[in-house]
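Asker: What follows is a protein structure lacking sequence information:
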């Protein structure tokens, strides 16, 4: 079976709140930036779902996450980049449906590395287009850790 082509993504500047009122994208990102853990859902080539806890950071106006090169989520994103990032903030439940794209820009990788250190205390360094950490990662296995940006 051939991999499906990504469908066009609607880039609305808000997420709908519990009451149906608009929530500005900037407010959703601010709420996400305060979350300790998020949940990432991906799908395999045959459509089987896979959901795992991850650490996400907000930088450059988008959510970012790092994952181990040998994980199922990385394999899934290589076939089907559409995914869902969910988190529970104190006043908002977030569900961001989007497309994950691998980040290769060294300046952005440095920003993500710093954001992980500031938010989660996870010390990493940028090397060979990915993050590396001497102590590994809580949910991603051994390095290297490719970084992905999720665009809604």
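Answerer: Sure thing, it's come through. Source: prediction; values computed, not measured.
Asker: Need the per-residue pLDDT for the residue nearest to residue 128 when sequence neighbours are not counted.
Answerer: Distances taken as CB to CB, 6 or more residues apart in numbering put residue 144 closest to residue 128, at 6.5 Å, once the chain neighbours are dropped. Just so you know, the C-beta spots here come from the backbone N, C-alpha and C atoms, and that holds for glycine as well. We have a pLDDT of 94 for residue 144.
Asker: ok, now which ones touch residue 144?
Answerer: Shown in contact with residue 144 (CB atoms under 8 Å, 6 or more residues apart in numbering): 69, 127-128, 130-132.
Asker: Select the helix or strand of this protein having the lowest average pLDDT value.
Answerer: The weakest-scoring helix or strand in the chain, judged by mean pLDDT, DSSP states H and E, is strand 14-16 (a mean of 49).
Asker: picking up where we left off before, now the residue nearest to residue 128. Its backbone dihedrals?
Answerer: phi -80, psi 160 (degrees, to the nearest 10).
Asker: For it, give its distance to residue 102.
Answerer: 12 Å (CB to CB, to the nearest Å).
Asker: Same question for residue 75.
Answerer: 13 Å.
Asker: Who does the residue nearest to residue 34 when sequence neighbours are not counted form a beta bridge with?
Answerer: With sequence-adjacent residues excluded and distances taken as CB to CB, 6+ apart, residue 34 is closest to residue 89, at 6.0 Å. Residues in a beta bridge with residue 89, per DSSP bridges, are residue 92.
Asker: if we can go back for a sec, kindly write the ChimeraX command that selects the buried subset of the contacts of residue 144.
Answerer: Buried residues among the contacts of residue 144 (16 or more other CB atoms under 10 Å), as a ChimeraX selection:
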select :130,131,132
